[in-house]
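Engineer: Got a predicted structure plus its sequence, pasted below:
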Amino acid sequence: MPCYRLALLLFVAVGTNGYSASADPSRATNNAYPLTGYQSANIAQQFGGSQNHSEAYTYGYRPFDPKAFNNQTFNNQTFNNQAFNNQTFNAKTFHQKTIPKEDAYHLPELGNGGERFNEANQYKTIGEWSLQRLNGSAPILADAWTQEQLETLVWQINAEARRQAPLALVVVDNPSINAFAIPGGVMGLHTGTILAAKSLDEVASVVAHEVAHLSQRHYENRGDADKKALLIQIGGLLAAIAASQADGNAATAIMMGSQTAALNSQMAFSRSNEREADRIGMQLMAQAGFDAKAMPQFFATLDQKSQLNQTKQAYLPSFIMTHPLSAERLSDAQSRARDYPTVGFNEQQHQRDFDLLQWRLNMLTQQASETELSIAAKTSPGAALALAYWYGKQGRYLQAQTLLQQAAQIAGNNNTGFEVLAAITQAQVLGMQGKWDKAEALLLPYHRLYPERRDIRLYLSDIWLQQQQYNDALAVLKPLLQSRPYDIEVLSRMQQAFEIMAKSLTNDSKTVTGSAKPVDSDASALATIATSNALRYRALLELWHGQYETALVSIKQAEKVALALDMPIDSYTTTAHQTINVRPLLALISEDISRIKAAKDYHP
């Protein structure tokens with residue numbers, strides 16, 4: 001057993017930041033991918049924190065020299081109040097035409113530092129608890145490309161108001177119009193919201209409204225009694241989303257019950273909160289490059305659906321139940337939107353992206369028939385790609401290939417969003433036919449161009465897992481967990497990769513029948529480590545599904561397997577006489593045990 005296999009396995013198990021050059025060629029040192037200052041500083045630290053400036057500068061890190069920055073370079077004569085005065089910068093005219101004066105931020109009272117820190121941790125824990133419940137019970141849409149598109153939208157708008165990124169975005173496969181934001185940074189969108197919208201700007205308006213609730217801390221600025229009511233409503237929201245998978249009316253009834261309890265405690269969003277969320281939301285949309293006029297347009301859609309439901313004696317859209325929509329609020333939003341300029345810079349790209357998003361969702365959620373897709377595919381690239389994927393699922397591969405070519409002709413050139421989804425769709429159709437090599441060759445160039453994209457990493461990992469290339473799969477998956485340890489799609493693939501590794505190494509360790517070849521003790525030890533890691537990632541996956549008891553069983557088993565290798569120094573050595581050190585793995589398992597127990601004992 002070559003020693004490099006041991007080194008790679010232990011490096012993945014412990015969680016270092018390395019990459020497989022073959023799996024992730026974009027990470028190799030290359031002038032096309034210059035290092036950022038932060039990455040360069042980290043590299044300098046990794047090289048021992050050397051004060052040798054020439055060594056640090058070799059890796060892109062230029063040290064700061066205080067002598068080069070002095071009063072002669074920057075002094076009061078060079079920059080004075082006369083050079084920068086009210087004639088040069090007039091606060092009254094700044095953004096006067098872009099953002100209405102009354103729309104300026106009114107930040108909430110933050111309280112003292114200690115209280116704010118404790119409260120932030122409490123809400124973070126609530127957010128994690130809510131996410132675990134959602135993962136375990138809600139019908140989550142597991143489509144990596146759709147998740148990538150919507151996360152880009154949410155993070156873009158959130159960055160205009162909050163320094164803290166959302167904890168997670170949950171896309172719920174539900175035809176109702178609904179969106180929610182839970183204290184701690186969990187945001188949710190129902191697929192019905194996107195399908196009911198007429199543009200990407202309308203989807204952005206719903207997101208901006210929820211971000212505004214978070215940025216203004218409407219969920220958090222409450223007394224103890226109201227915070228208890230907040231938990232009641234969160235519990236009702238989670239129960240309603242879970243129930244919606246079986247019975248939409250029952251889900252709405254649950255939500256109405258929790259809303260009634262909240263109203264009795266004066267917890268529900270007040271009209272002033274809703275108006276503020278509308279006002280701030282429009283401002284965030286404009287700053288992020290979206291059309292603020294789309295917010296009242298989507299409100300009009302909601303109002304129309306609510307009136308139709310009342311006529312049919314049906315339930316109201318769930319978004320209206322938690323965000324009351326009055327005639328006054330609608331009129332106020334329409335009036336305010338007139339103060340914003342029409343945004344045209346990104347309009348064409350937004351239309352293209354929305355075409356791809358809405359038709360893919362229509363197909364994935366089975367909201368469009370083959371006939372509807374076929375008609376739309378004549379003029380819509382999004383519908384053509386959606387139908388091609390659907391044909392692939394049906395085994396109609398020739399028709400799928402024809403549609404992929406047709407979609408490319410309709411889309412034309414200089415359409416990056418289309419090119420990425422077209423490559424993903426074609427790779428998926430190739431995978432359905434077992435042509436994994438061709439699918440890999442199709443996606444690798446896009447991974448080199450966009451190494452930050454989660455969706456391409458997931459699709460590539462699926463290909464490599466099918467090919468039993470577990471090291472390549474682990475190399476693209478592991479970095480994702482550093483920024484999103486809650487990602488159940490990544491955790492599931494990590495578990496699968498280690499299971500394949502354990503099986504492969506176990507086979508390598510067996511004595512060949514009819515041969516004098518001895519059992520490979522290195523492969524046997526590595527298979528044990530891989531088995532422990534597979535159990536560990538299974539436990540983490542169960543944790544983020546809210547399955548605490550089974551998670552504890554899995555993590556304890558992972559610990560037991562790893563302890564079998566924690567023997568005296570000469571018990572397990574490689575052929576190069578290097579001791580296998582499982583202590584770092586045991587330390588990670590110990591942390592996981594504490595985390596799972598804390599989650600199990602938490603009761604908001």
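Structural biologist: Looks like it came in fine.

Engineer: Count the neighbours of residue 143 for me.
Structural biologist: When counting by other C-beta atoms under 10 Å, one arrives at 19 neighbours for residue 143. Quick note: C-beta positions are derived from backbone N, CA and C, even for glycine.

Engineer: Over to the one 5 residues further on?
Structural biologist: Using other C-beta under 10 Å, residue 148 has 19 other residues around it.

Engineer: With adjacent residues omitted, what lies nearest to it?
Structural biologist: residue 455 (4.2 Å; C-beta to C-beta, 6 or more residues apart in numbering).

Engineer: burial count for the one you found?
Structural biologist: Burial measure for residue 455: 21 neighbouring residues, criterion other C-beta under 10 Å.

Engineer: elements contacting the helix or strand in which it is found?
Structural biologist: Assigned by DSSP states H and E, residue 455 belongs to helix 454-466. Using 3 or more C-beta pairs under 8 Å, 6 or more residues apart in numbering; DSSP states H and E as the contact criterion, the secondary-structure elements in contact with helix 454-466 are helix 144-158, helix 416-432, helix 436-449, helix 470-483, helix 488-509.

Engineer: And the fourth one, what's buried?
Structural biologist: Taking 16 or more other C-beta atoms under 10 Å as the basis for neighbour counts, the residues of helix 470-483 that come out buried are 470, 471, 472, 473, 474, 475, 476, 477, 478, 479, 480, 481.

Engineer: Tell me what angle it forms with helix 454-466.
Structural biologist: 150 degrees (axes from the mean of the first three to the mean of the last three C-alpha atoms, to 10 degrees).

Engineer: What mean pLDDT does helix 470-483 get?
Structural biologist: Taken as a whole, helix 470-483 has an average pLDDT of 96.

Engineer: Same check on stretch 139-151?
Structural biologist: Averaged across stretch 139-151, the pLDDT comes to 96.

Engineer: export it as PDB, just CAs?
Structural biologist: Extracted as PDB, the C-alpha positions of stretch 139-151 are listed here (Å, rounded to 0.1, in the frame of the first residue of the first chain):
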ATOM      1  CA  PRO A 139     -40.300  18.700   1.800                       C
ATOM      2  CA  ILE A 140     -36.900  20.300   0.800                       C
ATOM      3  CA  LEU A 141     -36.200  20.700  -2.900                       C
ATOM      4  CA  ALA A 142     -32.800  19.100  -3.400                       C
ATOM      5  CA  ASP A 143     -31.700  20.700  -6.700                       C
ATOM      6  CA  ALA A 144     -28.100  22.100  -6.500                       C
ATOM      7  CA  TRP A 145     -28.500  24.600  -9.400                       C
ATOM      8  CA  THR A 146     -31.800  26.100  -8.100                       C
ATOM      9  CA  GLN A 147     -30.200  26.400  -4.600                       C
ATOM     10  CA  GLU A 148     -27.200  28.200  -6.200                       C
ATOM     11  CA  GLN A 149     -29.400  30.700  -8.000                       C
ATOM     12  CA  LEU A 150     -31.600  31.500  -5.100                       C
ATOM     13  CA  GLU A 151     -28.700  31.700  -2.600                       C
END
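
Engineer: hmm, who's touching it?
Structural biologist: When contacts are taken as C-beta atoms under 8 Å, 6 or more residues apart in numbering, the neighbours of stretch 139-151 outside the stretch itself are 134, 169-174, 189, 191, 194, 244-245, 353, 356-357, 360-361, 364-365, 420-421, 424, 453-455, 458-459, 489.

Engineer: In PyMOL, select just the buried ones from those residues.
Structural biologist: Those of these that count as buried under 16+ other C-beta under 10 Å are selected in PyMOL with:
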select buried, resi 134+169+170+171+172+173+174+189+191+194+244+353+356+357+360+361+364+365+420+421+424+453+454+455+458+459+489
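
Engineer: Quick one: find the helix or strand in this protein with the lowest mean pLDDT.
Structural biologist: helix 53-58 (a mean of 32; mean pLDDT, DSSP states H and E).

Engineer: Low-confidence stretches in the stretch 351-500 of the chain?
Structural biologist: Of all residues in the stretch 351-500 of the chain, none has pLDDT under 70.

Engineer: care to break this structure down by domain?
Structural biologist: When the chain is parsed into structural domains using automatic domain parsing, the resulting residue ranges are 3-66, 125-344, 469-604.

Engineer: Kindly report which one of these carries the lowest mean pLDDT.
Structural biologist: By mean pLDDT, the lowest-scoring of those turns out to be domain 3-66, with a mean of 38.

Engineer: hmm, back to that, can you put the helices and strands packed on helix 454-466 in a markdown table and add distance to residue 286?
Structural biologist: Formatted as a markdown table, the entries for the helices and strands packed on helix 454-466 read as follows, by distance: least, C-beta to C-beta, whole Å:
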| stretch | distance to residue 286 |
| --- | --- |
| helix 144-158 | 11 |
| helix 416-432 | 22 |
| helix 436-449 | 30 |
| helix 470-483 | 28 |
| helix 488-509 | 33 |
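
Engineer: Those helices: which one's closest to residue 275?
Structural biologist: Proximity to residue 275, assessed across the helices and strands packed on helix 454-466 by C-beta to C-beta, is greatest for helix 144-158 (18.7 Å).

Engineer: The closest one: which residues count as buried?
Structural biologist: By neighbour count, and taking 16+ other C-beta under 10 Å as the criterion, the buried residues in helix 144-158 are 144-151, 153-154, 156-158.

Engineer: Just want the angle from it to helix 488-509.
Structural biologist: Going by the same axes, to 10 degrees, helix 144-158 makes 140 degrees with helix 488-509.

Engineer: for the helix or strand containing residue 272, packing partners?
Structural biologist: Residue 272 is part of helix 271-287 when elements are defined by DSSP H and E. For helix 271-287, the packing partners by 3+ C-beta pairs under 8 Å, 6+ apart come out as helix 200-215, helix 294-311, helix 327-337.

Engineer: coming back round to it: now do the helix holding residue 455 against helix 416-432, angle only.
Structural biologist: Using the same axes, to 10 degrees: helix 454-466 against helix 416-432 is 20 degrees.

Engineer: which residues touch helix 454-466?
Structural biologist: 23, 144-145, 147-148, 151, 420, 424, 427-428, 431, 436, 439-440, 443-444, 446-447, 450, 470, 472-473, 476-477, 480, 489-490, 493, 496-497, 500.
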